[in-house]
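Chemist: How does the following fold in three dimensions:
(4 chains)
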There are 4 protein chains.
Amino acid sequence: MIIVMKNGATEEEVSEVMSKIEEMGYKAHLITGVEKKIIGAVGDEREKAQLESLISMPGVENTIPILKPYKLSSLQAREEKTVIKVGDVEIGGKHMFMVAGPCSVESEEQIFQAAAAVKEGGAHVLRGGAFKPRTSPYSFQGMGEGGLKLLKKVSEALNIPVQTEIMNPEDIDLVAEYVDILQVGARNTQNFPLLKKLGTVGKPVFLKRGLSTTIEELLMCAEYILSEGNQQVILCERGIRTFETATRNTLDISSIPVLQQETHLPVVVDPCHATGNWKYVIPLCKAAVAAGADGLMVEVHPNPQEALSDGPQSLKPENFHKLMAELEPYIKLAGRTL
Amino acid sequence: MIIVMKNGATEEEVSEVMSKIEEMGYKAHLITGVEKKIIGAVGDEREKAQLESLISMPGVENTIPILKPYKLSSLQAREEKTVIKVGDVEIGGKHMFMVAGPCSVESEEQIFQAAAAVKEGGAHVLRGGAFKPRTSPYSFQGMGEGGLKLLKKVSEALNIPVQTEIMNPEDIDLVAEYVDILQVGARNTQNFPLLKKLGTVGKPVFLKRGLSTTIEELLMCAEYILSEGNQQVILCERGIRTFETATRNTLDISSIPVLQQETHLPVVVDPCHATGNWKYVIPLCKAAVAAGADGLMVEVHPNPQEALSDGPQSLKPENFHKLMAELEPYIKLAGRTL
Amino acid sequence: MIIVMKNGATEEEVSEVMSKIEEMGYKAHLITGVEKKIIGAVGDEREKAQLESLISMPGVENTIPILKPYKLSSLQAREEKTVIKVGDVEIGGKHMFMVAGPCSVESEEQIFQAAAAVKEGGAHVLRGGAFKPRTSPYSFQGMGEGGLKLLKKVSEALNIPVQTEIMNPEDIDLVAEYVDILQVGARNTQNFPLLKKLGTVGKPVFLKRGLSTTIEELLMCAEYILSEGNQQVILCERGIRTFETATRNTLDISSIPVLQQETHLPVVVDPCHATGNWKYVIPLCKAAVAAGADGLMVEVHPNPQEALSDGPQSLKPENFHKLMAELEPYIKLAGRTL
Amino acid sequence: MIIVMKNGATEEEVSEVMSKIEEMGYKAHLITGVEKKIIGAVGDEREKAQLESLISMPGVENTIPILKPYKLSSLQAREEKTVIKVGDVEIGGKHMFMVAGPCSVESEEQIFQAAAAVKEGGAHVLRGGAFKPRTSPYSFQGMGEGGLKLLKKVSEALNIPVQTEIMNPEDIDLVAEYVDILQVGARNTQNFPLLKKLGTVGKPVFLKRGLSTTIEELLMCAEYILSEGNQQVILCERGIRTFETATRNTLDISSIPVLQQETHLPVVVDPCHATGNWKYVIPLCKAAVAAGADGLMVEVHPNPQEALSDGPQSLKPENFHKLMAELEPYIKLAGRTL
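Modeler: Next up is the predicted model:
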């Protein structure tokens, strides 16, 4: 941590800050500039909140952290990239991981049709929501446990692993019985009690970035799960909130190379939620693969115009097949296999 | 809902969309413009997700909602502003509601000192966190139930109601035993299971706006609580996330008159989290009162430079007293009392 | 400037960066932390772009500037606040500076009506656009020199100074003949050739913040004008672009105390452009005064529903008079006079 | 345009709005909903500012535009995509257009080295700034006409077309003598006098999107140029300003498919300015090609650590050659040639 002193800071103020730093267990190191004095506080910054409180001392202008706050999720923490196995698929390795399915489980017929379509198209995992986070309390809230049972049923019938969203820590045990991958949605990225409890579960967690979560904060959310013991975390970029309204959110494509440089965890991209419009999904899937993503998640519904949620951003089965066909050479070019 | 057809949409496409609208229980109403046809779908739009799915039909360019999605939280839903009573104070009426206290309960000595200081300064409610949402799992996570007990103890000793943050639906019953107001933090604004359960509690909920929550979404979050039966909801503007870095977040002062026009619920402003810097708190408190806020929340710590969290944005007791003294004429001018 | 080395940076890499720093004329100062080495480059950072290029050297992770880049606009540059005189009014002193008038000059009748209304209400300066920056080339582009002549005419007839927007460096001499204050709009905040030429003019410049200009960048834009010799710069906060759509832009009220702390230049607030809605203008004017603004700019049109531009955000004359009446006690409370 | 009336709007208010609409030359069409009345104003919305002013009439809640405001830049305006020829290269057709070169022309040696490197790597056009828009007046402002002369010299010597930025309408004639493509930077996207004058020039304009310019606004900026007669406009996505700080700006990759759907103009991507970090340039170039871009612009400097501007985001010549080699199969896959 660097502590920047104000231009007119007195000798006494500087030495009091330095004493305080030493008292906190850090080594203080003074640099006298032409205009300002700055003090380096050398030590482990992870409990940086206390160092930041130094700004309340007389003469202090600012504090600037130097070290990255994530440890377990940083690339330096491991020799190699994390590979997570779900059924036959390896996530984070040479395979391109494909999750597909409807926003919500709506009925047995709908989820079986969707599952057949995505499996035929080559998806490795079926997604489908049973507990839905909806902006409005008057919107369809999901089928609840009934939806979980249908996911389990279709999973066994078609031999495809399933993934569903979890919102309430209380539901984790129940959900973990039925599905293979537990998804944390964008509104719960920083739901710390949920993350902590997911850290104690023996199943992979699919952690979506929040609408206003920075990349650094996303890695700190992963850190919550990792530090509780669960090492199976998949990160998902799904668009951030900006001023642009031509798309529902703004896909932060740069987050892919940034994350690939910073972390050993697999990085998946969800262009459906990022854009809110199925027409942009195919080019953005190609872009995500080209930028280095480890996987993709797309919404596929047998009949989007009747969907109870996310119809506008869902692919029809034939468009999902078209996507997979067009994507294949990009996957090869990226040095991966399906 | 307005359905905008593409420029070249055929007669058949138009009539299929109109049939679909009628099938969904709405009345379809066609307007033929010079370039485009648009169709008004007349009826209750609250389950608008289905109407939005019409965008997947051939010939449809866009869908535009007309009605506001909130009902119970809208100003039209009541004859007058909601007034919530906590102890002797009325929130949302002619009083200016003042919540103050440290970010976290850190020790008995600290919370008693803080409580004495804020009570002496004129605050109506003491705040203090026992369960802390921290970006880092390595930061102080709060004292948990021990903190709740200290809050209860200081509340009884000094006769001041207390408010604390709740993150996990499981903790609601426990927390409700100890405190007077249950706070939902900015990272949980759209934590729907939490909101639903808070809707069944008989205590006021202090609902903070999320970093990227729109005003309309905030009102829909209140709607979750109201629609479950709890009518005691206090809204809190605490800054949104923008590109500007001179302050930690950007206080959306305009949200005050917008909310006062749209809803009957009380509107409180938290300038400490909005700016992250105690130096800006006094002018922004004045601004919030002048803009029509029903209350203010400020962080006060007996010794900010030793705070375990939020030190940089906490007022010292003497600055809180200065704030209250300078604020008084603004409160009067706004036609309110302390 | 602080240069942060990568975790595994070699001795050689560190010493090469240090040599390069010294070669550039700075003193290099090494701090060895537990994880990383950092190097302080001591000297004048104003030509910081070159120091930032060090990031291309092997072993360098990041560069962090320490000094604020503005000099002439910083509060430290002067003993006291800048006070600018226009006619009888002092801007930046104890007076509250009020600019009012229509978005555009539309006709002689309209500008005379508007001028009479704002003068009667107590405005010190009449605003009115002759060259209009419009999003669409098909929208009314302003009356050009004809509009300038009308401004001059009404200024002389009613004895009120006038302010108008300038977009093209070529027009500066022409415009300066007709008006008292030259306004730079939000789309030209970083139009550097315009700023440089305005730095050579002997009239005050009213510099609006851009939609995505940071406070630091705004001060650097003022620096462009000041460094060319013109010391009469008025800063104007007019809302920044965010995700919120309830208002057209988001008024950054915190910028007022931040700017008052950082610069000696007067700070004016324009709540009409910030919100795009006249209904929010009165509470936000009060808030701006309470937060410490040196002045306000509001749009007033004799007949907003017929305005050729900015009708929705313009006050009718009677509402402007209501604003001024309600504002008066806030101005007094802020220790100012009209 | 749709005019939404307030819930309690009277018959009289509705009929006055309808009369006003007809008076303005539109046809008014009333739809009576369950809660609200809405009025469709049928006609050409391009002069929509006046219709928007209706919001000032009693009983009006809101106005919602239906038609897209751009005409000449819309895809419907032409039968096919625009193809612009510069030297031997076709921009907007089957070729992938590559612009490369240093941020600034710094010396004859530097620009000749850079030009040789980019030409060898396969770039079609050399970029280099002579007039530099710098945040600080104390930073290197470019070599001015001297830089233009060097661009011309190197262009003739190496037989490569050149592109440079223009900021001041006064400089257009001068710059057009020396270079082949005139670039408008992100700070001047909405510099309307500049755009209008560029609309009268017979050379292609390379129009960069502003930091907070929406896609719709960008197309309206192109419309300024097109409507003055110059049909040679190249659009450039270069990142927008968001809350994320891991990259300097956020590359809006979705803008590529959105623009390809909306306009016939070529779309080029600049990942260097978007990220501010050369390490992310190669994956983002691939992503842009995969998403459907018509071209790329990258910064290449013979010696980035000594660059006077934009060093951190500039590729070394060997990295540019690596980029081109790795990009080639992506270009083929996208059905294009170099």
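
Chemist: list the contacts for the residue in the stretch 51-200 of chain A that chain B sits nearest to?
Modeler: The nearest approach of the stretch 51-200 of chain A to chain B comes at A:Ser53, 2.8 Å away (CB to the nearest CB). (C-beta placed from N, C-alpha, C; glycine too.) Residues counted as contacts of A:Ser53 (CB atoms under 8 Å, 6 or more residues apart in numbering or on different chains) are B:Pro304, B:Gln305, B:Glu306, B:Ala307, B:Gly311, B:Pro312.

Chemist: What's the per-residue pLDDT of the fifth one here?
Modeler: Residue-level confidence at B:Gly311 comes out at 84, pLDDT.

Chemist: coming back round to it: show me the contacts of A:Ser53 that map onto helices.
Modeler: Secondary structure from DSSP state H places none of those in helices.

Chemist: Quick one: residues in contact with the worst-scoring helix or strand of chain A on mean pLDDT.
Modeler: Taking mean pLDDT, DSSP states H and E as the measure, helix A:48-52 is the helix or strand of chain A with the lowest mean score, a mean of 77. In this structure, residues lying in contact with helix A:48-52 by CB under 8 Å, 6+ apart are A:1, A:3, A:21, A:24, A:26, A:41, A:45, A:63, A:65, A:69, B:134, B:136, B:139-140, B:306-312.

Chemist: same thing but 7 Å
Modeler: A:Met1, A:Met24, A:Ala41, A:Glu45, A:Thr63, A:Pro65, B:Ser139, B:Phe140, B:Leu308, B:Ser309, B:Gly311, B:Pro312 (CB atoms under 7 Å, 6 or more residues apart in numbering or on different chains).

Chemist: repeat for stretch A:281-289
Modeler: Residues contacting stretch A:281-289 (CB under 7 Å, 6+ apart): A:96, A:251, A:253, A:256, A:269, A:271-272, A:274-275, A:296, A:298, A:315, A:323, A:326-327, A:330-331, A:334, D:253-254, D:256-257, D:287, D:290-292.

Chemist: Taking those, please make a PyMOL selection of just the buried ones.
Modeler: A single PyMOL command suffices to select whichever of the contacts of stretch A:281-289 are buried according to 16 or more other CB atoms under 10 Å in any protein chain shown:
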select buried, (chain A and resi 96+251+253+256+269+271+272+274+275+296+298+315+323+327+330+331+334) or (chain D and resi 253+254+256+257+287+290+291+292)
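
Chemist: In helices, which of the contacts of stretch A:281-289 fall?
Modeler: Reading helices off the contacts of stretch A:281-289 with DSSP H, I get A:256, A:271-272, A:274-275, A:323, A:326-327, A:330-331, D:256-257, D:287, D:290-291.

Chemist: rewinding a little: how about the contacts of A:Ser53 in JSON lines, adding distance to chain C?
Modeler: Below are the contacts of A:Ser53 laid out as JSON lines (distance: CB to the nearest CB, whole Å):
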{"residue": "B:Pro304", "distance to chain C": "18"}
{"residue": "B:Gln305", "distance to chain C": "20"}
{"residue": "B:Glu306", "distance to chain C": "23"}
{"residue": "B:Ala307", "distance to chain C": "22"}
{"residue": "B:Gly311", "distance to chain C": "19"}
{"residue": "B:Pro312", "distance to chain C": "15"}
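
Chemist: and the two most separated of the residues you listed?
Modeler: Pairwise distances across the contacts of A:Ser53 peak at 12.4 Å for B:Glu306 and B:Pro312 (criterion: CB to CB).

Chemist: So for the two, which residue has more residues nearby?
Modeler: Taking other CB atoms under 10 Å in any protein chain shown, B:Glu306 and B:Pro312 do not tie; B:Pro312 has more neighbours (24 against 16).

Chemist: thinking that one is in contact with A:Leu54, fair?
Modeler: No - with contacts counted by CB atoms under 7 Å, B:Pro312 stays clear of A:Leu54, the gap being 8.7 Å.

Chemist: buried ones in stretch A:319-326?
Modeler: A:Asn319, A:Phe320, A:His321, A:Leu323, A:Met324.

Chemist: dump the residue contacts of the first one.
Modeler: The neighbourhood of A:Asn319, defined by CB under 7 Å, 6+ apart, consists of A:Trp278.

Chemist: Could you confirm A:Gln163 falls within a strand?
Modeler: Yes - A:Gln163 sits within a strand when classified using DSSP: H, G, I helix; E, B strand; the rest coil.

Chemist: burial count for it?
Modeler: Neighbours of A:Gln163 using other CB under 10 Å come to 26.

Chemist: go on, A:Lys94?
Modeler: Neighbour tally, A:Lys94, other CB under 10 Å: 11.

Chemist: Could you check how far it is from A:Pro58?
Modeler: Going from A:Lys94 to A:Pro58 by CB to CB, to the nearest Å gives 57 Å.
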